[in-house]
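Engineer: next input, structure requested:
(chains A, B, C and D)
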There are 4 protein chains.
Amino acid sequence: MKIGRQDRRFSAISTSNADTILVRGRDLCEELIGTVTFTDHLWLLVAGTLPTAAQRRVLDATLVAIAEHGLVPSVQASRMTLAAAPEALQGAVAAGILGCGSVILGSAEAAGRLFDDVLARSSSSSLESAADAVLREYVSARRAIPGYGHPLHRGYDPRSRRLFEIAAEAGLAGRHIETSQVIERLLPNVTGKRLALNVSGAIPAVLLDAGFPLLALKGVPLLARVASLIAHLLEEQTRPIGFVLSHAGAAAIDYDGEQPDGFVRSDQ
Amino acid sequence: MKIGRQDRRFSAISTSNADTILVRGRDLCEELIGTVTFTDHLWLLVAGTLPTAAQRRVLDATLVAIAEHGLVPSVQASRMTLAAAPEALQGAVAAGILGCGSVILGSAEAAGRLFDDVLARSSSSSLESAADAVLREYVSARRAIPGYGHPLHRGYDPRSRRLFEIAAEAGLAGRHIETSQVIERLLPNVTGKRLALNVSGAIPAVLLDAGFPLLALKGVPLLARVASLIAHLLEEQTRPIGFVLSHAGAAAIDYDGEQPDGFVRSDQ
Amino acid sequence: MKIGRQDRRFSAISTSNADTILVRGRDLCEELIGTVTFTDHLWLLVAGTLPTAAQRRVLDATLVAIAEHGLVPSVQASRMTLAAAPEALQGAVAAGILGCGSVILGSAEAAGRLFDDVLARSSSSSLESAADAVLREYVSARRAIPGYGHPLHRGYDPRSRRLFEIAAEAGLAGRHIETSQVIERLLPNVTGKRLALNVSGAIPAVLLDAGFPLLALKGVPLLARVASLIAHLLEEQTRPIGFVLSHAGAAAIDYDGEQPDGFVRSDQ
Amino acid sequence: MKIGRQDRRFSAISTSNADTILVRGRDLCEELIGTVTFTDHLWLLVAGTLPTAAQRRVLDATLVAIAEHGLVPSVQASRMTLAAAPEALQGAVAAGILGCGSVILGSAEAAGRLFDDVLARSSSSSLESAADAVLREYVSARRAIPGYGHPLHRGYDPRSRRLFEIAAEAGLAGRHIETSQVIERLLPNVTGKRLALNVSGAIPAVLLDAGFPLLALKGVPLLARVASLIAHLLEEQTRPIGFVLSHAGAAAIDYDGEQPDGFVRSDQ
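Structural biologist: Take a look at the predicted model:
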């Protein structure tokens, strides 16, 4: 059966024959392998052109910033999965990636849309009043403000500060960064609490200023997290803790359902 | 319940407090963001030390080589998944990754083990006779020889050739590459057919010669493929073909099960 | 680090000791295995009590209705994944499940919420006017109406009709079914086109009338689809078509990116 | 590109037109919905025929036996995933399924193959000596014996005992069950330790005796676990513990990598 109205049947990313593989129109073996970095290649794949040195530096900085932060939930899910299914590393990586959702990591794209909305509206008013209006709409619709606040880094997120320095050094700091800062300043007034810009808010700010496509933003934390997962899964193969994690998790939860009189639980 | 005997409860990858995030002992914000490339960071995460310029160049080359090759099965699975579940980009990436298994992409690690086995045995004999012995064991156990042959690039895989050039230029060509070439030469004799070293064979050869850990090999094609998936999923959001792919797939398959007389199928 | 405010640390589903496993307060071995059907067990797991015979019959009917519909996208993604990664059946099942999203299968929960919204509002007005008001809100917010329309079964979905018969026979047809029918009647007026209630609309209607929890609705098509995937993956192991599907998919798409003069694509 | 030699382009599971959906040759709406149970439907999908009452009872018993056992690793991975990505229930189910691998749950198929191997060899010798020979081969190849031993149920697994009672009551106890018992008796001699048949060993024994296909065995624990996951994910939506689990997991692990003098970790 034919689902939906998909009338265009084209892809512009890659084609090949027995001798040559083209990626975004470039000969993979002659022009790319050995010549460009993986970060250049990511930019080429998503944007269709190679980045400038400044763009590459900003993209590298965001990927490095978001890759690793210890035994976060996605890493634990991934390590437990490898412990239970060691035959499929790809399954453990997939399990880790599935936790890069709207609450954790995935907020980069939502924050990027927020900044874009404010900027679109600021053409007819000041950035401040546009931001104020958009934030009040979020609050009245009870939507969370994406990109602000962190359970550990409360005063400020050191990664955000560093990313803004890099963007400035690279000459690519622009209106999205400015917008993210205006929002940080307005938040206490509008929401009643002070929340610092977190790394998932700083990443879209610097990447959109650098010209990275909005619809690929969510891919940046995903790709970075895969690098972290590969390291954790290597460690899991040599120093396994997957079942230690699940044992500790189960022991932290009490059973409060029905049970016969005198039943003694022993599964902790 | 406690599963298995996991007595060591340690991780050496990252720790943090409110001001500082350490990755492999280095201050993420002071020493890594803005200073190292994403490829450096991957090497640091898995190997515990930063790579040399030569090592970084080889790792970059492998990641660029394996990232993209058109509408391969994992890309199609990923695009169909996004078409059906556009609310979860991470799910579409995960679906694509799950197809990086033993038949496609995942053979990098298996090939790496093959080269290691041959080298381990060559201490007491020549590389040729060690390779010949190992290959004959594979054949008699009916195991496929991982890392050789490609449905499109039959004569030679242009990516393998280019990766070997990079390794030589970087001064990192060594015994694993040599082993992979010895095996390629012996294959027609041992198996009766000529099969060229493919990119999944060349990647472990150059990476093991460069000092990359064997247990992280499978992560290289996985990470590279995620970069490709991000580009395809960006394209899927703007020029969708996910359901065109599934429509064409379904139309290629005939139903040969039971059916009532006169039943006319219309779901193509 | 502590994410979020999760202060209650309880689960009421299962506990155990060396001799006894309790599920929802019942002794698994003494009271459930061999006594209840898998469908009973699903109801017990999600609702905390065993279903009546009428409730079981409705739940069985929905699971049977939605399990299988040929080579749909999720089945194709799953079969391609097994072809590429035969070592991990669980990975192929996961890839199939990831395509049960908001566009396909996952609309059951969205439709259930639509019916609930209409019913909540109908306390102060007639069902018709409540439905009309809710539909107009969906249209003005450009939200799709979940549960209506099907690419193959345009006039009516035979599965919906049959599910409503079962609900009536079981004595469990109620206000949610009525609501779904009122909406079907109003749709041509409100949206300008006639769309029949599809199986993803009929399932929440009959299940909510039967007392099944709204928050478990999405699980019904997911569970049913897994049964279908197991059958397709068994067939894939004995009569593989995974790469036939991907070959046909790739051949249906043209490359329209940059290419050197005279380049001839051969990867179809 | 064309991968592999897949020359047959057929599927025998389902076909349809606008009025009729056929599943294994039966009219879904006329013959199946409302008439058969979900367990019947699973058997029909994988085996091509409807089960007898005895076969259905055995399959129901196995699905009920393996569905739920508290906060096992796959359930924890799934609940953490939903906490981080609440927009995609299917992603959380997929993360849970990915942990049904060779170490946990997935051993059902491996145990089934073990029983089949022993039976195949017993045609020319007694069951005892065939089992003894196969076990010794496993031991000398350092392969784990699948289907025996459990971290909590050490003396015996109460689910295995109950499944064998059901099989006997249903008149379907046969040579696979006998084989599993012979192996249990031989194990202390061959391996030096006593290990009771666990539920992942009992399931293939009773299902193969009942005529269920070997290549669909792994699907039984997968399907059953999905029912459990739906219940846990419903609970996670109303009484979230996903981040409590990950917090407890992280706190159980110490960091033993490099760190500057005086560094105080605070991420527990």
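Engineer: C-alpha only now, for contacts and for neighbours.
Structural biologist: Fine.
Engineer: three-state assignment of the residue most central in space within chain A?
Structural biologist: If you average the C-alpha coordinates of chain A and look for the closest C-alpha using CA atoms, centre = their mean, you land on A:Pro221, 2.8 Å from that point. Secondary structure assignment for A:Pro221 (DSSP: H, G, I helix; E, B strand; the rest coil): helix.
Engineer: and what of the one 5 residues further on?
Structural biologist: When the structure is reduced to helix, strand and coil (three-state DSSP), A:Val226 reads as helix.
Engineer: okay but it is in contact with B:Leu223, surely?
Structural biologist: Yes. In this structure, A:Val226 sits in contact with B:Leu223. The criterion is CA atoms under 8 Å, and the distance is 6.2 Å.
Engineer: picking up where we left off before, pLDDT value on the residue nearest to the centre of chain A, please?
Structural biologist: Confidence per residue is given as pLDDT, and for A:Pro221 that number is 97.
Engineer: mind listing what it touches?
Structural biologist: By CA atoms under 8 Å, 6 or more residues apart in numbering or on different chains, the residues touching A:Pro221 are A:Leu63, A:Ile66, A:Ala67, A:Cys100, A:Leu105, A:Gly106, A:Ala108.
Engineer: quick one: A:Ser102 and C:Arg121, what's the gap?
Structural biologist: Using CA to CA, to the nearest Å, we find A:Ser102 at a distance of 30 Å from C:Arg121.
Engineer: of the two, who's got more company?
Structural biologist: Each of A:Ser102 and C:Arg121 had its neighbours counted (other CA atoms under 10 Å in any protein chain shown), and the higher figure belongs to A:Ser102 (23 against 16).
Engineer: you'd agree that one is in a strand?
Structural biologist: No. Residue state for A:Ser102 (three-state DSSP) corresponds to coil; a strand is not indicated.
Engineer: just checking, it touches D:Ala88?
Structural biologist: No. The pair A:Ser102 and D:Ala88 does not pass the contact test of CA under 8 Å, sitting 9.3 Å apart.
Engineer: so where's the stretch 151-268 of chain A shaky on pLDDT?
Structural biologist: For the stretch 151-268 of chain A, the stretches flagged by pLDDT under 70 are A:267-268.
Engineer: let me fix that, I meant to ask about the stretch 1-150 of chain A.
Structural biologist: Confidence mapping of the stretch 1-150 of chain A against pLDDT under 70 gives the ranges A:1-7.
Engineer: which stretches in it count as strands?
Structural biologist: Defined through DSSP state E, counting those that start in this stretch, the strands belonging to the stretch 1-150 of chain A, from first to last, are A:10-11, A:14-16, A:21-23, A:26-27.
Engineer: sorry, back to before: ok, and which of the contacts of A:Pro221 reach chain D?
Structural biologist: Among the contacts of A:Pro221, proximity to chain D is found for A:Cys100 (CA under 8 Å from any CA of the partner chain).
Engineer: from the contacts of A:Pro221, which ones fall inside helices?
Structural biologist: A:Leu63, A:Ile66, A:Ala108 (DSSP state H).
Engineer: can you tell me the SS state at the spatially closest residue to the last one that is not a sequence neighbour?
Structural biologist: By the measure of CA to CA, 6 or more residues apart in numbering or on different chains, the closest residue to A:Ala108 outside its immediate chain neighbours is A:Ser200, 4.7 Å from it. Three-state call for A:Ser200 (three-state DSSP): helix.
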